[in-house]
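[1] The sequence and its predicted three-dimensional model are supplied below.
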Amino acid sequence: MSRNEKVVKLAIIGLGKRGLGILKTVLIKMIEMGTIEVLGVCDAYEDRVQDAAGFLKEKTGKEPVKSTNYRDILDIKGLDAVLVMTAWESHVDIAIEAMKRGIRPGIEVGGAYSLQECFNLVEAYEQTGIHCMMLENCCYGRKELMVLNMVKQGVFGEIVHCSGGYMHDLRHEISDGDIERHYRQRNYLTRNCENYPTHELGPIAQVLNINRGNRMLYLTSVASCSKGLHQYIAEHRGPAHPLYNAHFNQGDIVTTVIKCANGETIVLTLDTTLPRIYSRGFTVRGTKGMYCEDGHYIHMDGENEFDTLANKLNNADKYYEKYEHPLWVEYKKNPIGGHDGIDWLVYSAFVDSVAKGITPPIDTYDTATWMSISCLSEESIACGGKPVNIPDFTRGKWILRTENDDTCDSIYSLSKIVAK
């Protein structure tokens, strides 16, 4: 951000592990650089509010407005933006109230509970002109952005299929959810769906130009049985644990298949309650080649199809020299932590869009579309894997919207500005 741009005055609603972590790693750096001021902090739990306020007072000498009621925070005079890092269930309601007050919300990732709340979010934008940006940090991963750059340059040919997943062993976090005051536990007890679709879908949506000349038409989802959490609690917590005899509705593995208007297919996998190594499984398949995150390898047309994975392992590293994404070229000049840089990049993009008064690279239509996969997959699973239509939240605008349209910037289009 250049010095002649405004200092963004924002507040934080939600100060659990994610909210407090972002404050102490990313936002404090922005405060030190003079790009933001944090005017208020809020959480349902008083101790979290005091922790955040005490940190800010120590680092800046100023104490922010403190409250356990988010409406008190939205009442702060002169507030430009609000970061919503609460439990999944409250993201949309808080965002809409902020939008109606002329405050730009950035919401942390999570899925929707109904189509109606997605439509409500879009309608709030169309009535107010205030965008809501999902703070999907995985869209800014180094691997994902290099592959996106390669796709835009035609290296992989015509893209036919993409896949990805949220594949992360969360048994400890979910089992201790009541102790840690974490919302995931109640969701795994009561829901059965693709509850966390955007880490994988966000980067795929950029590759496939979703909402910018393409859209998702329908999906079908199936869920495995639920065994992992019960066994984990029995073995690691014992009969005294309050959830020892509980039934978790959430299937251990959920597979969602999506069909797009331009013919491509997408496969999403949720895999969080069985032992495994972490992966987002980002894979792009085109007529000239492919990229696969598991093994971090690229295979191009004409290469030996029977070559071993051992020979291909991490060969994608050599492509960085030619295809490093411009955002990462800039970022590496002054790297700042937070999930290997992706937190810094996504929060910087949000703050920059607020300061300049421009459309964020992940806009309200993107946010609503990506979130909708949760409730739609829930319906499909409940009905035996039946196909479920994915609404067009743009109401036909996707046909004319492009990455070069000033009213619908994308991560890729903004990167071209950075590169100049």
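    Cool, got the structure.
[2] doesn't residue 122 fall inside a helix?
    Yes: assessed with DSSP: H, G, I helix; E, B strand; the rest coil, residue 122 lies in a helix.
[3] so who does it touch?
    364-365, 368, 393 (CB atoms under 8 Å, 6 or more residues apart in numbering). Every residue, glycine included, has its C-beta placed from N, CA and C.
[4] Quick check: the two most widely separated of these?
    The span of these, defined through CB to CB, is set by 364 and 393 at 8.3 Å.
[5] for the stretch 301-420 of the chain, which spans come out with low pLDDT?
    Judged by pLDDT under 70, the stretch 301-420 of the chain has its weakly predicted residues at 338, 403-420.
[6] how about the helices in it?
    In the stretch 301-420 of the chain, the segments counted as helices under DSSP state H, counting those that start in this stretch are 309-312, 320-323, 326-331, 342-356, 364-382, 411-419.
[7] now do the stretch 1-150 of the chain
    Using DSSP H, counting those that start in this stretch, helices in the stretch 1-150 of the chain cover 17-22, 28-33, 46-60, 70-74, 91-100, 115-128, 142-152.
[8] want to try JSON lines for these, with mean pLDDT as columns?
    Conversion of these to JSON lines gives the following (pLDDT from 0 to 100):
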{"stretch": "helix 17-22", "mean pLDDT": "95"}
{"stretch": "helix 28-33", "mean pLDDT": "96"}
{"stretch": "helix 46-60", "mean pLDDT": "97"}
{"stretch": "helix 70-74", "mean pLDDT": "98"}
{"stretch": "helix 91-100", "mean pLDDT": "98"}
{"stretch": "helix 115-128", "mean pLDDT": "98"}
{"stretch": "helix 142-152", "mean pLDDT": "97"}
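[9] right, and those - which one's nearest residue 348?
    Among the helices of the stretch 1-150 of the chain, helix 28-33 comes nearest to residue 348, with 7.7 Å by CB to CB.
[10] Any buried residues in the closest one, and which?
    Within helix 28-33, the residues scored as buried using 16 or more other CB atoms under 10 Å are 28-31.
[11] what packs against it?
    The contact analysis (3 or more CB pairs under 8 Å, 6 or more residues apart in numbering; DSSP states H and E) places helix 28-33 against strand 36-42, helix 46-60, helix 342-356.
[12] just how off-centre is the first one within its chain?
    Going by CA atoms, centre = their mean, to the nearest Å, the spacing between the C-alpha centre of strand 36-42 and its chain's C-alpha centre is 22 Å.
[13] Run through the residues that contact the residue nearest the centre of the chain.
    The chain has residue 136 as the residue nearest its centroid, 2.7 Å off, counting by CA atoms, centre = their mean. If you count contacts by CB under 8 Å, 6+ apart, residue 136 has them with 109, 198-199, 202, 346, 362, 370.
[14] Make sure residue 275 is indeed in a strand.
    No: looking at residue 275 with three-state DSSP, it is coil, so not inside a strand.
[15] From residue 170, how far out is it?
    11 Å (CB to CB, to the nearest Å).
[16] do the same with residue 12
    24 Å.
[17] Of the two, which one has the most company?
    residue 12 (26 against 19; other CB atoms under 10 Å).
[18] still on that earlier bit, nearest to residue 335 among the buried residues of helix 28-33?
    residue 29 (11.3 Å).
[19] now the closest one, nearest residue through space, not along the chain?
    Among residues not flanking residue 29 along the chain, residue 336 sits closest, at 5.6 Å (CB to CB, 6 or more residues apart in numbering).
[20] Would you confirm that that neighbour contacts residue 30?
    No: contact criterion CB atoms under 8 Å: residue 336 and residue 30 do not qualify, at 9.4 Å.
[21] residues near the residue nearest to residue 29, how many?
    Around residue 336 there are 15 residues (other CB under 10 Å).
[22] Contacts only, for it.
    Contacts of residue 336 by CB under 8 Å, 6+ apart are 26, 29, 344.
[23] need the contact list for the first one.
    Going back to what we said before, that points to residue 26. Residue 26 makes contact with 336, 338, 343-344, 347, according to CB under 8 Å, 6+ apart.
[24] Columns distance to residue 224 on top of these, output as JSON lines?
    Shown next, in JSON lines, are the contacts of residue 26 (distance: CB to CB, whole Å):
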{"residue": "336", "distance to residue 224": "39"}
{"residue": "338", "distance to residue 224": "33"}
{"residue": "343", "distance to residue 224": "31"}
{"residue": "344", "distance to residue 224": "36"}
{"residue": "347", "distance to residue 224": "35"}
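[25] All set now, cheers.
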